[in-house]
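Peer 1: Just the structure for this:
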Amino acid sequence: MYNCKEKSFFLENGYLHVKNALDFSYLKKIRLAFDMVWEAEKPAKVNQHKLLKYPEFIDFIEHEPILERHKAIFGGQVQLLQYDLLRQGPRQEAGGLSWHRDFSFPGDRPLSINTIVYLDDMGRDRGPTRVIPKSHFGEKLPPSKIRNEGMSNEVLLEAEAGDAVFINSAIWHTGDRNQSNGLRRGIFLYYGYWWLKRYESSEKLPWQVFEGASEQRLRLLGIKMPDNDLHIYDPDK
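Peer 2: Down below sits the predicted model:
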């Protein structure tokens, strides 16, 4: 993360809440782009195969306050694994708590991180993300009998528009239904080591993302290899 204190907190607890990852002017710009893309692409799932046609969301994968915190964990091995928009309307009846892990694998070092960038204030009534600190250690999954219930040791990540939450993909976490009168909009960016790559091939990505692409962008998309291969990777760089 940006400093040793952030990184230590994240590695120990499995999550990090960053205030103002998007400043006010950039938040306004991304909100407008979100609404435009959502209308243009619905009812299709709005993931990287759709998002990477649009300049605002091409640039967003390199937004420094987000990407640099991933580099602090993955170094030059970082790659974008998944990219989605989530939009939930007001007063939702469906859904609710559903504790889960995005990824389980032996070992305690983060292999992938799911980052949620909030475009609306996430008070208690909007169903903010909940996490169980330190549940990323080991391989245990949330017990099925309490998977849809609140937990006594949970942390409710109430956030403001423009905040970002970084979640070790192995941590127990859940969202909830939006019970407010407003929208619940978020951008989900899933980064991890390049060898976890989910893209089938570069042919699946929109041509727009390659126009004027920097070397960093091509590495994030899995088109170019990282600085060093896995066998000579230095985790401190």
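Peer 1: Which of the three states applies to the most centrally placed residue in the chain?
Peer 2: Of all residues in the chain, the one closest to the mean position by C-alpha atoms, centre = their mean is T115, 2.2 Å from it. Under the three-state scheme (DSSP: H, G, I helix; E, B strand; the rest coil), T115 adopts strand.
Peer 1: Cross-check the contact I'm expecting between F137 and G107.
Peer 2: No - contact criterion C-beta atoms under 8 Å: F137 and G107 do not qualify, at 9.7 Å. Every C-beta, even on glycine, is put in place using the N, C-alpha and C of the backbone.
Peer 1: who has more neighbours, the two?
Peer 2: Of the pair F137 and G107, F137 is the one with more neighbours under other C-beta atoms under 10 Å, namely 13 against 10.
Peer 1: who's in contact with the nearest residue in space to V155 that is not next to it in sequence?
Peer 2: Taking C-beta to C-beta, 6 or more residues apart in numbering as the measure, V155 lies nearest to V131, with 5.3 Å between them; neighbours along the chain are not counted. Remark: with contacts taken as C-beta atoms under 8 Å, 6 or more residues apart in numbering, V131 is in contact with 14-15, 154-155, 157, 167, 171-173.
Peer 1: partners of the residue nearest to the centre of the chain in the sheet?
Peer 2: Under the criterion DSSP bridges, T115 forms beta bridges with F166, L189.
Peer 1: Next, the contact list for it, please.
Peer 2: Neighbour list for T115: 66, 70, 164-167, 188-191 [criterion: C-beta under 8 Å, 6+ apart].
Peer 1: cool, and K29?
Peer 2: With contacts taken as C-beta under 8 Å, 6+ apart, K29 has the following neighbours: E56.
Peer 1: What count of nearby residues applies to the nearest residue to P106 once chain neighbours are set aside?
Peer 2: Beyond its immediate neighbours in the sequence, the residue positioned closest to P106 (C-beta to C-beta, 6+ apart) is E139, lying 6.4 Å away. Counted with other C-beta under 10 Å, the burial measure for E139 works out to 10 neighbours.
Peer 1: E139 contacts S104, doesn't it?
Peer 2: Yes - using C-beta under 8 Å as the test, E139 is close enough to S104 to be in contact (5.3 Å).
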